[in-house]
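A.B. asks: turn this into a model:
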Amino acid sequence: MADLLPLGTILAVAINQVIKTAHAAKDIVIEKESFRILSAHLFDIARVLKELELGKLNESPTAGKALENLDTDVKRANALVEKYKNRGRFYLLIKCRHIVKEVQDVTRDIGKSLNTLCLANTEVLSGISDQVTRLQNEMQRAEFVTSQSKLQILDKLDQGLTNQKLDQGFANDMIEDIAKAVGVTVEPSEIRKELDSFKREKEEAQNRKERAEVFFLEQIIKLLSRADAARDYEHIKDQYMQRLRAIECYDSREESIPPYKAFICGITKTVMVDPVSLSNGTAYSRVAIEEWFESGEKTDPVTGEPLEDLSFRSNIQLRESIEEWKELNYCMRIRSCKPKLLSEKDSSVKDALSQIQELITEDSINKDWISIGGLTELLISILPNVDNQLVKTEVLVTLKDAVEGHARNKDLLLENKGFCHIVPCLGCESSLSKAALDLILELVVEESGQNIDYTRDLSQQCNPVSFLVTILKGSEVALAEKAQEILQKLVDVDEENVIRAAKEEWYGPLVDRIVQGSKSTKMAMLRGIVNLELEENNTKFLGEQGLIPPLLEMASSDLEAKELSLSMLIKLLGSRENKLLFAAAGAVPLMVDLMCSSPLRIIILAKCSEILDKLSSNGDGIKFLVDMNGVQLDLNSLVENLLAFLRNPRLPYNVLRPVLRALFKICESDGGIIKTAVLTASGVSVVLTLLDHPDSETREAAINLLFLFSSHEPQGVAEFLLKPRRLEAFVGLLENSTKGDVQKAAVGLLANVPKSEVILTRKLIELEGLKAIIEILESGNMEAKENALSALFRFTDPTNFEAQKMVVELGTYDLLVEFLKNGSVTAKARAAALIGDLSMRSSELSMAPTTRRWCFCFGGTRAAICAAHGGLCTVNGTFCLLEAKALPELVKLLQSEVHATTYEAIQTLSTLVQKESPRRGAHVLDESGAVVPILEVLNWGSESLKVEALEVLEKVFMVTEMVDTYGLTARIPLVRLTGGSIHEDEHLQRKAVKVLLLIERHSRRSNSLITGISG
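C.D. replies: Take a look at the predicted model:
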């Protein structure tokens, strides 16, 4: 070749061959490390050859021969790579010792050829001489070894073949070891592929006339074919049918055939396991005879015959006979189980279940045979009909044994809708639930492609997510771990199960997919849960798990992503902790920007409004309306924008409602914002128009906001309400007892409208608005009652007798007295003031007794004279607070030393003491114990409260008896109030001096504590 082609051409061909082989060597699946080292060396050689190509190659015959030898060795390496590239993995493992030797030899030969080539081109390679020397030394001294784990498998296999150990158990062990070592699943389809590869290798060896190789491969095929995973179902079925025909001569009630004498081991006295024959022909179990000889015995255990030859060999014929006898017994026991399972007796069913479990334990072929014999399907069919929980548990345990590692029994369970019978058992008592859980776990959790199908069928046939989540949340840790393992498989095969799990409050997979999933996955998850009702603790959990940031990211995406993410955020913001996370993420400005962006879809505006509503709910007001640094947003601008939305007549109710609610909560938290809303943005006029909205909830939200606005600017409200049919609608809001906040706002709005609007008052009476207000006093919440008391003032005006009379006749007085007893501080104060309004007319309305004096001459009953008013008083006729039993409660208010209630109580009590004739009223206050607490006010009350107390005392001390009784007590606080001077111009001091002068004037004592007071 060197004589025919230039060395440069040979070199170029060699470089290509080296690189090609180096790449191919990396893809060999067995002895990867050996081929990886070979590949690395070849890549290094390629660099050396390229260096030669760039330099001036020595054209000597020696160099040519060296290059040709290198090319030949590399081709050998390439042939080796091609030889093992597409071979079966099992076969490659069996041949791994040989493969390693071949790789080592070719690597060393390439190293030698490289050394010769480099010696002929030392000058060209001088720049990389160190690297070249290292490379050729490493290759010539290469030592490749097979991994220890693979050697152990080969040793175990060799030992089994040597000892003729061809039983099924050993075959199963070998299959599992080899499959694990080469990365193949122990599934029938995969194992049959590997055995087919062995058979092809055997045929090729036959073609090559390699008898030793053929014999070796035949032995391996025979052994591995006995494994469960390698069995051919049709062959197994034929084998079972043959055995079944063989036992037809036995009575169906018989369950076993006694063993032949030849099957019994003379040492153990039991049926032999792995029988071997001694040199004299007698047979024993292998383990038993080994122990016999190891104990020092050199005779036949039964005959006592001395043995010169202590060797023994496997008795394959006897072993096969014993196997056949066992298989006949298996068939008899399988046959006998069927009627027992169909029996209605629990004891018979339990007996059959025990037999099936024993059969499976004794020989794995019985997993096939019980399915062929119809027992697998029968077990599935009886499961729902078994009432005994213990028996049902055993059915599940038996099914689990039957399907374990057995694809056909698993398929049968699926074909017969077995999951529909198993899943309900998850909700039963502990042992039954555990058995069902173990069975499902066996079906779905093994690492194989087939089990994905079982998991999918489980999801579709009778979805167990609800039961599994319940177990997961239970107290039994082991069961919870199994439930979680199954759940994880279910959510992996079907995203619908993620949604189902979330509905059962297991959110882990949902969070993972929303946080880490693709956009399409996130969208699918949100579509599934967006309408899900979430408890506050669950929304808090989802926030803690990091759900808010990805949702905010989606809020900046397309329309559907915006809608879904905003809907989910609305749910999450039910938790205060999530509000903090939301605000800290800088999400509030994003919501405001979305609302104010143009053009804006109505649905997005609605969602953003709901989010503002949520943020300000539960008393939080403006707390969370901040940027990511915690700086308050421009709330005035926000309120103006929200009010601007309300001006849009086409805005649907699903936007109006949250905008109104958000406005209410924002304004409620800051009076300055109300001023902006009312004065700058004309909030009252904007909201008033919404009281005509067809949607009731919108009207209700509007009335809440209008109540707030009217406390600052009530103008225009009365005019609006007096328009046709609006007042009727308003009274309807007052009558809405199902919504306390609406009642509170409506009656509060009415309270804020000036009392001077007499037409409104009259119309309300005509439309039974007064009656509605009194009903609120009876059944509303306390805040609504407080507002109703305020609204009642327009009907108790002392100048409007007819309105007052209607108020009293509707039973209001008793309600007011009850408020004095049990109301809030505000309610007590307002009730006292209202009683004061009514009491102002009592003296005028009371009937003088002289008009009826003539009646008494003819035996008529003498009418009681009112102690305060001196006439005939009634609650309904004169509005007398004494007749209404209000006096004791008013005195109690004095004694409570609460400014608001004391102030109103004093004013009301003052109505009892007429300035022109104070005696009756003064004595009533004295007898009720009111005077002392009024005097006490001078010690603790505010200035305005003391002034009110002095006003009453001024009238009381016009009565000499009162001065005699309380004068001395009153002088001390009165002197203190004068501040030591009676000439100062302060109102309080003047009042105190005036009362002191009264006391002095009416005192019966000659001495005075005050000197120099002469006017």
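A.B. asks: residues near residue 387, how many?
C.D. replies: Using other C-beta atoms under 10 Å, the number of residues around residue 387 comes to 8. In this view, the C-beta of every residue, glycine as well, is placed from N, C-alpha and C.
A.B. asks: sec struct for it, please.
C.D. replies: Classification of residue 387 using DSSP: H, G, I helix; E, B strand; the rest coil returns coil.
A.B. asks: next one: the residue nearest in space to the middle of the chain from residue 491, what distance?
C.D. replies: Geometric centre of the chain, nearest residue: residue 507, 3.3 Å, by C-alpha atoms, centre = their mean. In this view, residue 507 and residue 491 are 11 Å apart by C-beta to C-beta, to the nearest Å.
A.B. asks: next, show the common contact partners of these two.
C.D. replies: Both residue 507 and residue 491 are in contact with residue 501, where contact means C-beta atoms under 8 Å, 6 or more residues apart in numbering.
A.B. asks: what mean pLDDT does the host helix or strand of residue 762 have?
C.D. replies: Residue 762 belongs to helix 758-766 when elements are defined using DSSP states H and E. Per-residue pLDDT over helix 758-766 has a mean of 90.
A.B. asks: quick one on the thing from earlier: in space, what's closest to the residue nearest to the centre of the chain - neighbours in sequence excluded?
C.D. replies: residue 542 (6.0 Å; C-beta to C-beta, 6 or more residues apart in numbering).
A.B. asks: run through the residues that contact residue 703.
C.D. replies: Contacts of residue 703 by C-beta under 8 Å, 6+ apart are 691, 733, 742, 745, 746, 749.
A.B. asks: buried residues in the helix holding residue 762?
C.D. replies: With burial defined by 16 or more other C-beta atoms under 10 Å, the residues of helix 758-766 counted as buried are 760, 761, 763, 764, 765.
A.B. asks: with stretch 930-945 instead?
C.D. replies: So, applying 16+ other C-beta under 10 Å, buried residues of stretch 930-945: 930, 931, 932, 933, 934, 935, 936, 937, 938, 941, 945.
A.B. asks: can you list contacts of it?
C.D. replies: By C-beta under 8 Å, 6+ apart, stretch 930-945 touches 887, 890-891, 894-895, 897, 899, 902-903, 906, 909, 925, 946, 948-950, 952-953, 956, 962, 965-966, 969-970, 973-974, 976-977, 988, 992.
A.B. asks: cutoff 7 Å now
C.D. replies: The contact list for stretch 930-945 (C-beta atoms under 7 Å, 6 or more residues apart in numbering) reads 891, 894-895, 897, 899, 902-903, 906, 909, 925, 946, 949, 952-953, 956, 966, 969-970, 973-974, 977, 988.
A.B. asks: and the strands in the stretch 251-400 of the chain, which stretches?
C.D. replies: Assigned by DSSP state E, counting those that start in this stretch, the stretch 251-400 of the chain shows strands spanning 275-278, 283-285, 312-314.
A.B. asks: just put the ones you listed in CSV and tack on mean pLDDT and distance to residue 255.
C.D. replies: As requested, the strands of the stretch 251-400 of the chain are exported to CSV (pLDDT from 0 to 100; distance: least, C-beta to C-beta, whole Å):
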stretch, mean pLDDT, distance to residue 255
strand 275-278, 92, 25
strand 283-285, 94, 25
strand 312-314, 86, 30
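A.B. asks: could those strands go into TSV alongside mean neighbour count?
C.D. replies: As requested, these are exported to TSV (neighbours: other C-beta atoms under 10 Å):
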stretch	mean neighbour count
strand 275-278	22
strand 283-285	21
strand 312-314	16
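A.B. asks: of these, which is nearest residue 93?
C.D. replies: Proximity to residue 93 (C-beta to C-beta) singles out strand 312-314 among these, at 25.1 Å.
A.B. asks: what pairs with that closest one, and is each one parallel or antiparallel?
C.D. replies: For strand 312-314, the paired strands and their directions (DSSP bridges) read strand 275-278 (antiparallel).
A.B. asks: output the partner strand as PDB, nothing but the C-alphas.
C.D. replies: Listed next in PDB are the C-alpha coordinates belonging to strand 275-278 (Å, rounded to 0.1, in the frame of the first residue of the first chain):
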ATOM      1  CA  PRO A 275     -31.600 -33.800  44.100                       C
ATOM      2  CA  VAL A 276     -28.100 -35.100  43.400                       C
ATOM      3  CA  SER A 277     -26.900 -38.700  42.900                       C
ATOM      4  CA  LEU A 278     -23.900 -40.300  44.700                       C
END
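A.B. asks: ok, residues contacting it?
C.D. replies: 283-286, 289, 300, 307, 312-315, 318-319, 322.
A.B. asks: how about those, which pair is most distant?
C.D. replies: 307 and 322 (23.5 Å).
A.B. asks: so which of the two has more stuff around it?
C.D. replies: residue 322 (20 against 17).
A.B. asks: do a quick rundown of the helices in the stretch 801-950 of the chain.
C.D. replies: 801-809, 812-822, 825-839, 842-845, 875-878, 887-895, 899-910, 919-927, 931-940, 943-956 (DSSP state H, counting those that start in this stretch).
A.B. asks: buried ones in the last one, by neighbour count?
C.D. replies: What that stands for is helix 943-956. For helix 943-956, using 16+ other C-beta under 10 Å, the buried residues are 945, 946, 947, 948, 949, 950, 951, 952, 953, 954, 955, 956.
A.B. asks: same check on the third one?
C.D. replies: Buried positions in helix 825-839, judged by neighbour count with 16+ other C-beta under 10 Å: 826-839.
A.B. asks: same question, the fifth one
C.D. replies: Using 16+ other C-beta under 10 Å as the burial criterion, the residues of helix 875-878 that qualify are 875, 877, 878.
A.B. asks: what packs against that helix?
C.D. replies: If you count contacts as 3 or more C-beta pairs under 7 Å, 6 or more residues apart in numbering; DSSP states H and E, helix 875-878 packs onto helix 801-809, helix 842-845.
A.B. asks: pLDDT of that helix, averaged?
C.D. replies: Rounded mean pLDDT across helix 875-878 is 93.
A.B. asks: cool, and the second one?
C.D. replies: Summarised as a single mean, pLDDT over helix 812-822 is 96.
A.B. asks: can you lay out the contacts of strand 275-278 as a markdown table showing distance to residue 574?
C.D. replies: Putting these into a markdown table (distance: C-beta to C-beta, whole Å) gives the following:
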| residue | distance to residue 574 |
| --- | --- |
| 283 | 80 |
| 284 | 79 |
| 285 | 73 |
| 286 | 73 |
| 289 | 78 |
| 300 | 87 |
| 307 | 89 |
| 312 | 81 |
| 313 | 81 |
| 314 | 76 |
| 315 | 79 |
| 318 | 78 |
| 319 | 73 |
| 322 | 73 |
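A.B. asks: give me the low-pLDDT residue ranges for the stretch 901-1015 of the chain?
C.D. replies: Within the stretch 901-1015 of the chain, the segments meeting pLDDT under 70 span 980-985, 1004-1015.
A.B. asks: on that earlier part again, now, which of the contacts of residue 703 sits nearest residue 335?
C.D. replies: residue 742 (78.8 Å).
A.B. asks: assumed that closest one was part of a strand.
C.D. replies: No - Residue 742: not assigned to a strand; according to three-state DSSP it is helix.
A.B. asks: that one: neighbour count?
C.D. replies: 22.
A.B. asks: with residue 212 instead?
C.D. replies: Around residue 212 there are 8 residues (other C-beta under 10 Å).
A.B. asks: hang on, it is in a helix, isn't it?
C.D. replies: Yes - remark: residue 212 belongs to a helix, assigned using three-state DSSP.
A.B. asks: gap between it and residue 242?
C.D. replies: 35 Å.
A.B. asks: and what of residue 271?
C.D. replies: 21 Å.
A.B. asks: so which bits of stretch 459-474 are buried?
C.D. replies: Taking 16+ other C-beta under 10 Å as the criterion, stretch 459-474 shows 459, 461, 462, 463, 464, 465, 467, 468, 469, 470, 471, 472 as buried.
A.B. asks: next one: stretch 345-361
C.D. replies: Of the residues in stretch 345-361, those buried (16+ other C-beta under 10 Å) are 349, 350, 351, 352, 353, 355, 356, 357, 359, 360.
A.B. asks: understood, closing this out.
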